[in-house]
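In: structural data only, the sequence is not supplied:
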């Protein structure tokens, strides 16, 4: 489950990244620069505080995302896992015999919307 969470968190982080100034400031701090060093190099206290706030907001957003993902994966353990050919064939077969999206989702442990999306992608959704 950790690998799935990590992959999804990285995708989410790609959409919510620190701006260039914040990245620079935080990298300088991570490399051991003191506040006085930052200020002497032309950075303002406001820039330093803004970088810290942005980093904390990003961390909070990622934490909330991970909590939602964990909750979702308790309901649908295979959510966000790669699909294999056998699983795709099984979903199509279940759909063809009249199973509902919810019924199929319960069998393959995925969200009903993921089932619908997969059937659409495979050209099997009526």
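Out: On my side now, so go ahead. What you see is a predicted model; the values in this text were computed from it and never measured.
In: so where's the chain uncertain?
Out: Where the chain drops to pLDDT under 70, the residues are 1-15.
In: mind checking the longest helix of it?
Out: Longest helix in the chain by number of residues (criterion: DSSP state H): helix 45-75.
In: so after that helix, what's the next helix or strand?
Out: Reading on from helix 45-75 to the C-terminus, the next helix or strand found by DSSP states H and E is helix 85-96.
In: identify the residues contacting that following helix?
Out: By CB atoms under 8 Å, 6 or more residues apart in numbering, the residues outside helix 85-96 that reach it are 103-104, 107-108, 115, 118-119, 122, 124-125. Using the backbone N, CA and C atoms, a C-beta is placed for each residue, glycine as well.
In: now with 10 Å?
Out: Identification of contacts with helix 85-96 by CB atoms under 10 Å, 6 or more residues apart in numbering yields 78, 81, 83-84, 99-101, 103-105, 107-110, 114-116, 118-119, 121-126.
In: just the buried residues out of those residues, in PyMOL syntax.
Out: To isolate the buried subset of the contacts of helix 85-96 in PyMOL, counting by 16 or more other CB atoms under 10 Å, use the following:
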select buried, resi 78+81+99+101+104+105+108+110+114+115+116+118+119
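In: and the contacts of helix 85-96, which of them are in helices?
Out: Per DSSP H, the subset of those in helices is 101, 103-105, 107-108, 114-116, 118-119, 121.
In: and the furthest pair within those residues?
Out: Pairwise distances across the ones in helices among the contacts of helix 85-96 (CB to CB) peak at 19.5 Å, for the pair 103 and 121.
In: buried sites along stretch 88-98?
Out: Result for stretch 88-98 [16+ other CB under 10 Å]: buried residues 88, 91-92, 94-95.
In: neighbours around the nearest residue in space to residue 28 that is not next to it in sequence, how many?
Out: Leaving out its chain neighbours, the residue that sits closest to residue 28 by CB to CB, 6 or more residues apart in numbering is residue 38, at 6.1 Å. Number of residues near residue 38 (other CB atoms under 10 Å) recorded here: 19.
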